[in-house]
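Undergrad: A structural model of the following input is requested.
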Amino acid sequence: MNKDIATPVRTKAILEKYGFSFKKSLGQNFLIDTNILKKIVSFADLTEESGAIEIGPGIGALTEQLARSAQKVVAFEIDQRLLPILADTLSPYPNVSIIHNDVLEADVGTVMAEQFAGLTDVMVVANLPYYVTTPIIMKLLEEHLPIRGIVCMLQKEVADRISAKPGTKDYGSLSIAVQYYTEAETVMIVPKTVFVPQPNVDSAVIRLIKRESPAVSVKDEDFFFQVTKASFAQRRKTLLNNLTSQLPDGKQKKELILAALAAGGIEPSRRGETLSLEEFGRLSDELYPYFH
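TA: Numbers count the residues shown, from 1 in each chain. The predicted structure is shown next:
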């Protein structure tokens, strides 16, 4: 059995061997706790028939655990300085491919078609760079990739927002955007002490399992998200105030917005955070004809 990468001693030795220094701009925090990595992998329910996509493999700590559980692992790494380190640390694992690319710019669908031919079960499992967590998750969901879901570590505060329920302070347009596509739950809280260097924030692992079809059926997906964003523009304001100030020509269309709210059975004095996904779906469908 290979010695685990994710121990404080081995991590330190690898970093010293390559004279690696952390780049703050890339949000590099490496995990040095094997048990936590194994837990993260277990939440993904991988089998020998699964593929795994990782984003930001660092020195390969999580990659190694994935390689032991999945048939094939593809990891996107933006930092060129890590490529020789990964080639070294992951040399025992022929089932790993490292792609030197920014995942936000990559054509992930094409990569999946090439790398996971014949595999029907693919999960994204990653310790995401905290400064781009939300754009990465949204890209993976909006591109309708053939994945079963995402298990990722991210800032606890963002995890709270993603899995939040209506009527709570964390519930917002991000909660709705992610829960529209997936069943979301926070599965684990991770202390700062298991990272090098230690981040300033607490972390959490979230599991997103893709729904067979979106949570609500709407006339126009883009407009649905436009309405939810508008509804949370200023949290203290009522739905009516936010919609009239945020939607195009909203002030001139105030009567139409009132009519749409009435038709959807939604009080204009409510605030965005009190509406369920179903209510937002109804509201955006009622508003749609007036803005298109």
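Undergrad: And the helix or strand residue 262 falls within, what does it pack against?
TA: Following DSSP states H and E, one finds residue 262 within helix 254-263. Counting contacts by 3 or more CB pairs under 8 Å, 6 or more residues apart in numbering; DSSP states H and E, helix 254-263 packs against helix 239-246, helix 277-287. C-beta: built from backbone N, CA, C; applies to glycine.
Undergrad: Now do the contacts for residue 60.
TA: 5, 85, 86, 89, 90 (CB atoms under 8 Å, 6 or more residues apart in numbering).
Undergrad: same thing but 6 Å
TA: By CB atoms under 6 Å, 6 or more residues apart in numbering, the contact set of residue 60 is 5, 86, 89, 90.
Undergrad: tally of neighbours for the last one?
TA: As a burial measure, the neighbour count of residue 90 was computed by other CB atoms under 10 Å and equals 23.
Undergrad: Then the second one?
TA: Residues near residue 86, counting by other CB under 10 Å, number 20.
Undergrad: Residues contacting the helix or strand hosting it from elsewhere in the structure, which ones?
TA: Element membership of residue 86 [criterion: DSSP H and E] is helix 83-89. Residues from elsewhere that reach helix 83-89, judged by CB under 6 Å, 6+ apart: 5, 18, 59, 60, 98, 100.
Undergrad: Okay, now the unreliable bits of the stretch 1-150 of the chain?
TA: 1-2, 24-27 (pLDDT under 70).
Undergrad: tell me the contacts of the residue of the chain positioned farthest from its centre?
TA: Ranked by distance from the centre of the chain (CA atoms, centre = their mean), the top residue is residue 255, with 37.7 Å. By CB under 6 Å, 6+ apart, no residues touch residue 255.
Undergrad: what do you get for residue 182?
TA: Taking CB under 6 Å, 6+ apart, one finds 208, 209, 210 in contact with residue 182.
Undergrad: neighbour-wise, which of those residues leads?
TA: So for the contacts of residue 182 (other CB under 10 Å), the most neighbours sit at residue 208, 25 neighbours.
Undergrad: SS state for the residue lying closest to residue 62 once chain neighbours are set aside?
TA: Spatial nearest neighbour of residue 62, excluding adjacent residues (CB to CB, 6 or more residues apart in numbering): residue 37 at 5.4 Å. Of the three states, residue 37 takes helix according to DSSP: H, G, I helix; E, B strand; the rest coil.
Undergrad: Turn the contacts of helix 83-89 into JSON lines, columns for distance to residue 112.
TA: Formatted as JSON lines, the contacts of helix 83-89 follow (distance: CB to CB, whole Å):
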{"residue": "5", "distance to residue 112": "25"}
{"residue": "18", "distance to residue 112": "30"}
{"residue": "59", "distance to residue 112": "24"}
{"residue": "60", "distance to residue 112": "21"}
{"residue": "98", "distance to residue 112": "15"}
{"residue": "100", "distance to residue 112": "17"}
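Undergrad: export these to a markdown table and tack on distance to residue 269 and secondary structure?
TA: Formatted as a markdown table, those follow (distance: CB to CB, whole Å; DSSP: H, G, I helix; E, B strand; the rest coil):
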| residue | distance to residue 269 | secondary structure |
| --- | --- | --- |
| 5 | 55 | coil |
| 18 | 60 | helix |
| 59 | 54 | coil |
| 60 | 54 | coil |
| 98 | 54 | strand |
| 100 | 53 | strand |
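Undergrad: For residue 148, give its distance to residue 93.
TA: Distance, residue 148 to residue 93, by CB to CB, to the nearest Å: 22 Å.
Undergrad: out of the two, which sits in the busier spot?
TA: residue 148 (18 against 15).
Undergrad: Residue 123 is in contact with that one, correct?
TA: Yes - here residue 148 reaches residue 123: they are 5.4 Å apart, a contact under CB atoms under 6 Å.
Undergrad: burial count for residue 130?
TA: 18.
Undergrad: Hmm, I typed the wrong one, I wanted residue 98.
TA: 19.
Undergrad: what are the ranges of the helices in this structure?
TA: Assigned by DSSP state H, the helices in the chain fall at 8-18, 34-43, 61-69, 83-89, 108-115, 133-142, 156-162, 173-181, 221-231, 239-246, 254-263, 277-287.
Undergrad: Let me know which of those is tucked in deepest.
TA: helix 61-69 (a mean of 24; mean count of other CB atoms under 10 Å).
Undergrad: does residue 6 really touch residue 61, like I thought?
TA: Yes - Residue 6 sits in contact with residue 61 when judged by CB under 6 Å, with a separation of 3.8 Å.
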